[in-house]
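> below is the sequence, then the predicted model.
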Amino acid sequence: MTDVRTDPIAPRSMGTPLARVDGPEKVTGQARYAADHPAGEPLALWLVQSSVARGRVVSVDAEAAREHPGVHTVLDHTNAPRLGDADDAELAILQDDRIGFRGQIVALVLADTVEAAREGARLVRVEEEAEPFEAELRDGGATYRPEQVNPAKETDTETGDVDAALAAADVVVEQTYRTPYEHNNPLEPHATTAWWDVDGDGRERLTMYDSSQGVHGVATALAPMLGLAKDQVRVMAPYVGGGFGSKGQPHAHVMAAALAATTTGGRAVRLAVTRQQMFALTGYRTATISHLRLGAAADGRLTAIEHRVEEQTSRIKEFAEQTASPTRMMYAAPSRRTSHRLARLDVAVPSWMRAPGEMPGMFAHEVAMDELALACGLDPIELRRRNEPETDPETGLPFDTRRLVECFERGAERFGWAERPPSARATRDGEWWVGCGVASATYPAMRMPGNVARVESLDDGCYEVSIGSVDIGTGARTVLTQIAADALGVTTHRIELLVADTSLPMATVAGGSSGTSSWGSAIVAAAQQFRIDHGTDPEPGLRSEASAVRGDEAERYSFHSFGAVFAEVRVHADTGELRVPRLLGVYNVGRVINPTTARSQLLGGLTMGLSAALFEESVRDPRFGHVVTQDLATYHVASHADVLGVEAEWLDDETPLFTPMGSRGIGEIGIVGTAAAIANAAYHATGVRVRELPLTADRFLE
Ligand code: MOS
């Protein structure tokens, strides 16, 4: 394995709309997802969950369950295998009698069929002792300052004298904004097929098909807990039906499958988490409360920005959403302050959901900017133009490319922004109030270290290119094929790409919009090393393996993507119903490697932002501690009839400073700012300012 300083690669396939290389497998139903793989005669696993939010398991009576036909095994904390390392309290299930949240796994049932396992689980009698608990995020209730916010950022920042700047400002906007709990809800629920056997050296081995955004991450997390070396855990995820972050790290159900499989004498275990169980076990976005104070001169130039966040984590494991982090770099202001405070609640563990931090934080900041534009009598695009920073306000570094103003200009032209009446509640079309709004989007460009790729020559000028990354439906397989082809200087037909298996070289998670940048750079490194090692006309069977090392660009430049989101909203005058006939995002994301799959990502992000704006809200009952909206009938996700005109485009751009492909990552930026653009458009339509998601109809009634 060699560390390679990559050279930029010339676009040949990159930039062209290569059809998804796995399209035929998917549309013909041959693509196998985690619960689809043949594995002998697997035993079905069903989860038994706690019914109290905090307390302990007093006893588990499994007699009736064991007597049920087809039931093989019932595991609880008294008879489950012991873990070598139980520090991760989310994953360390059945190790003691403690209950940390309602819905936590307290027993497992294995049976010949799913039906028998489910009935067996119903027959397990769990006696629980309830203790007082807290499950509500309240204004002013969050008290503790975590050591850092995701991913390893400062919790608090302070530059200049915010209070003095606010006192001296001509215009001040001071408001509180709220975003609700949200659950990720990928199309494919979480699932795992797992079995144990012995490898050629006589060592124990756990093999899993897991619906995961990162197979190496699953093996890395599970192996030490199971007392194994990482290479004793093999994880594969050839096809994954989305994750939105909820499959970015293994949750407790993955450990449940691994533990249960230790008891079967090598027979495989299959667990398909139900949609309802996903609302308790597989991660969610914390609710947030954002206190914003913006101070500006009369001409709209910001002098002070303060963003104080209250949100929640779980008592058993900390996750601190980085809600105020985009506020630190978005606009120029001499005085700035951000902070995050958490309430530690007896609830399920929050986690990543598409653009954690940026999504809720930019909702707050971008609605506040709309309010500031109004207070200054400025067009909201002009306000943003006046507050463009010369350099990254947080680091002082120059941006590689920050073309936000161009995104607004292009969007304004395409959207017809100039025709927008300047005042709110000015346009009525029959029974509908009509308005338009904008918001900025941003997302950091991330490149993860530690990725390795391998290139091997085959016959006929073909190459096998291997990396243990996962395509969760984004088009990563297709895009990596294009990158490999361009890096080797061959057509895409000559590339055989292998992914999604821990037996392939190390790859980081499909998360943080970092996949293409991280894995693609490793592939370029391996391809360039292959040419150095073996030339342009190699014999079959020659190999090179490499990782990409970066220069000091990250110390010299700030790498972020940007976008401008435009929304038209119609609000029914009598019912308050919201419709969004037009949504447009214009993005500056570096080079777009595949316009078809990129457009899908951006349209998907915009649609998810629309869904957050209008519908998505998980309701937790503070009396019991669980989420009551635990299906797609009560947790509304935007569906086809809600999504009218959604369009995405991007500026012609490239950033060879960031990756040898010139790309920067596109998975998450589409959701950022979108809900704010819709809220701002709803204000423009009706004159009603809503500072809380989702924008339900009742808020627009007289
Ligand atoms: Mo994404 S929430 O970083 O998987």
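Now that the structure is in, tell me what you want to look at. Everything quoted here is computed from the prediction, not taken from an experiment.

> next up, identify which helix or strand the residue in the chain positioned nearest to the ligand is on.
Among the residues of the chain, Gly245 lies closest to the ligand, at 2.5 Å counting by CB to the nearest ligand atom. All C-beta atoms are positioned from the backbone trio N, CA, C, and that covers glycine. Assigned by DSSP states H and E, Gly245 belongs to no helix or strand.

> quick one, phi psi at it?
Backbone torsions for Gly245, taken as degrees, to the nearest 10, come to phi 100, psi -30.

> tell me the SS of Glu647?
Three-state call for Glu647 (DSSP: H, G, I helix; E, B strand; the rest coil): strand.

> enumerate the beta-bridge partners assigned to it.
Beta bridges link Glu647 to Leu584, judged by DSSP bridges.

> picking that back up, now do the residue of the chain closest to the ligand against Ala567, distance only.
24 Å (CB to CB, to the nearest Å).

> the more surrounded of these two?
Taking other CB atoms under 10 Å, Gly245 and Ala567 do not tie; Ala567 has more neighbours (32 against 24).

> helices or strands up against the host helix or strand of that one?
Assigned by DSSP H and E, Ala567 belongs to strand 560-572. Judged by 3 or more CB pairs under 8 Å, 6 or more residues apart in numbering; DSSP states H and E, strand 560-572 is in contact with helix 404-415, strand 432-444, strand 578-588, helix 674-686.

> just say which of those is most tucked in.
Among these, the stretch with the highest mean neighbour count (mean count of other CB atoms under 10 Å) is helix 674-686, at a mean of 29.

> just want the angle from that one to strand 560-572.
Following axes from the mean of the first three to the mean of the last three CA atoms, to 10 degrees, one obtains 40 degrees for the angle between helix 674-686 and strand 560-572.

> residues from the stretch 401-550 of the chain in reach of the ligand?
The stretch 401-550 of the chain comes close to the ligand at residues 511-512, as judged by CB under 6 Å from any ligand atom.

> so which residues of the stretch 401-550 of the chain form helices?
For the stretch 401-550 of the chain, the helices defined by DSSP state H, counting those that start in this stretch cover 404-415, 476-488, 515-534.

> now the angle from the second one to helix 515-534?
Relative orientation of helix 476-488 versus helix 515-534 (the same axes, to 10 degrees): 30 degrees.

> now do the buried residues in helix 476-488.
476-488 (16 or more other CB atoms under 10 Å).

> count of neighbours near Thr629?
18.

> can you check Ala633 too?
Neighbours of Ala633 (other CB under 10 Å): 7.

> what's it sitting at in phi/psi?
The phi/psi pair for Ala633 (degrees, to the nearest 10) reads phi -80, psi -40.

> residue boundaries of the strands in the stretch 601-702 of the chain?
Under the criterion DSSP state E, counting those that start in this stretch, the stretch 601-702 of the chain contains strands at 645-650.

> got the contact list for the residue nearest to Ala121 when sequence neighbours are not counted?
Among residues not flanking Ala121 along the chain, Trp46 sits closest, at 4.2 Å (CB to CB, 6 or more residues apart in numbering). Taking CB atoms under 8 Å, 6 or more residues apart in numbering, we find Trp46 in contact with 108-109, 111, 114, 117-118, 120-121, 271.

> what's the pLDDT at Trp46?
Predicted confidence (pLDDT) for Trp46: 98.

> ok but it is inside a strand, no?
Yes - counting by three-state DSSP, Trp46 is found in a strand.

> separation between it and His72?
12 Å.

> element containing Arg385, please.
helix 380-386.

> which elements pack onto that helix?
Applying 3+ CB pairs under 8 Å, 6+ apart, we find helix 380-386 packed against helix 358-376, helix 404-415, strand 432-444.

> got the angle between the first one and helix 674-686?
The reference is to helix 358-376. Put simply, helix 358-376 runs at 30 degrees to helix 674-686, going by the same axes, to 10 degrees.

> can you give me the offset of helix 358-376 from its chain's centre?
22 Å (CA atoms, centre = their mean, to the nearest Å).

> same question, the second one
For helix 404-415, the gap between its own C-alpha mean and the chain's C-alpha mean amounts to 27 Å (CA atoms, centre = their mean).

> quick check: closest non-adjacent residue to the residue of the chain closest to the ligand.
Nearest non-adjacent residue to Gly245 (CB to CB, 6+ apart): Trp352, at 3.1 Å.

> what does the protein put close to the ligand?
Counting by CB under 6 Å from any ligand atom, the chain comes close to the ligand at 213, 244-245, 248, 352-354, 356, 511-512.

> can you redo those as a markdown table with pLDDT and distance to Gly435?
Formatted as a markdown table, the residues of the chain next to the ligand follow (pLDDT from 0 to 100; distance: CB to CB, whole Å):
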| residue | pLDDT | distance to Gly435 |
| --- | --- | --- |
| Gln213 | 98 | 37 |
| Phe244 | 98 | 29 |
| Gly245 | 98 | 32 |
| Gly248 | 98 | 36 |
| Trp352 | 98 | 33 |
| Met353 | 98 | 28 |
| Arg354 | 98 | 26 |
| Pro356 | 98 | 29 |
| Gly511 | 98 | 35 |
| Gly512 | 98 | 34 |
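
> ok so, going back, can you redo the helices and strands packed on strand 560-572 as TSV, where the extra columns are mean pLDDT?
Shown next, in TSV, are the helices and strands packed on strand 560-572 (pLDDT from 0 to 100):
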stretch	mean pLDDT
helix 404-415	98
strand 432-444	98
strand 578-588	98
helix 674-686	98
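
> counting by contacts, list what the strand or helix carrying His291 packs against.
Per DSSP H and E, His291 falls inside strand 288-296. Secondary-structure packing of strand 288-296 (3+ CB pairs under 8 Å, 6+ apart): helix 162-168, strand 171-179, strand 302-314, helix 358-376.

> in a markdown table, list these along with mean neighbour count.
Formatted as a markdown table, the helices and strands packed on strand 288-296 follow (neighbours: other CB atoms under 10 Å):
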| stretch | mean neighbour count |
| --- | --- |
| helix 162-168 | 16 |
| strand 171-179 | 18 |
| strand 302-314 | 25 |
| helix 358-376 | 26 |
